[in-house]
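Asks: what follows is a predicted structure for the sequence shown.
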Amino acid sequence: MDTAAPAEGVSVFAPSTTDSPLHDPIVEALRTVYDPEIPVNIYDLGLIYTIGIADGGNVDVVMTLTAPGCPVAGEMPGWVQTAIEAVGGVQSASVKLVFDPPWSMDMMSDEARLELGFM
């Protein structure tokens, strides 16, 4: 059994289901959810690790927070679930919160970096 950590830059999660017609509307819904301490949406911050979309519209999301001690740690997964379940064609959504691998600023999109003044 190989217990070695994945190489840097290699995801430990299954890839997102990008070929589903629900993918883009779900991403747009995720872009309406903000970390209250940072004026950038959670998708562009890089907090969403995986969007898994099964036949029938069941969605599984793996996400993280900018820090384990985030004051909205208990609430944000519910915000994400609510946003996704509002998308037409989605039957259900489940959100798993993980802290490994930890979030880093390298996970932000160029748009987020620009908005926060890092570019």
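Replies: Right, received. Where do you want to start? Numbers count the residues shown, from 1 in each chain.

Asks: just checking, which helix or strand of this structure averages the lowest pLDDT?
Replies: helix 110-115 (a mean of 90; mean pLDDT, DSSP states H and E).

Asks: could I get the buried residue list for that helix?
Replies: Buried positions in helix 110-115, judged by neighbour count with 16 or more other Cβ atoms under 10 Å: 112, 115. C-beta: built from backbone N, CA, C; applies to glycine.

Asks: nearest residue to Val90 other than its sequence neighbours?
Replies: Excluding the flanking residues, the one nearest Val90 by Cβ to Cβ, 6 or more residues apart in numbering is Gly57, at 4.9 Å.

Asks: the one you found and Glu28, how far apart?
Replies: 16 Å (Cβ to Cβ, to the nearest Å).

Asks: also Thr17?
Replies: Distance of Thr17 to Glu28, given as Cβ to Cβ: 15 Å.

Asks: those two: which has the busier surroundings?
Replies: Thr17 (16 against 13; other Cβ atoms under 10 Å).

Asks: that one contacts His23, doesn't it?
Replies: Yes - between Thr17 and His23 there is a contact at 6.3 Å, judged by Cβ atoms under 8 Å.

Asks: any shared contact partners between the two?
Replies: Here Thr17 and His23 have 51, 53 as joint contacts, going by Cβ atoms under 8 Å, 6 or more residues apart in numbering.

Asks: same question for stretch 64-75, mean pLDDT?
Replies: Averaging pLDDT along stretch 64-75 gives 88.

Asks: how about low-confidence regions in this structure?
Replies: The model of the chain has pLDDT under 70 over residues 1-12.

Asks: quick one: the helices in it?
Replies: Ranges of helices within the chain are 23-30, 42-45, 76-85, 110-115, based on DSSP state H.

Asks: what comes into contact with the shortest one?
Replies: When contacts are defined by Cβ under 8 Å, 6+ apart, helix 42-45 is touched by residues 27, 30-31, 33-35, 38, 48, 63, 66, 76, 80, 103, 107-109, 111-112, 115.

Asks: which among those count as buried?
Replies: 27, 30-31, 33-35, 48, 63, 66, 76, 80, 103, 107-108, 112, 115.

Asks: now the residue nearest the centre of the chain, which residues is it bridged with?
Replies: Centroid check for the chain by Cα atoms, centre = their mean gives Ile48 as the closest residue, at 1.4 Å. Taking DSSP bridges as the rule, Ile48 bridges to Met63.
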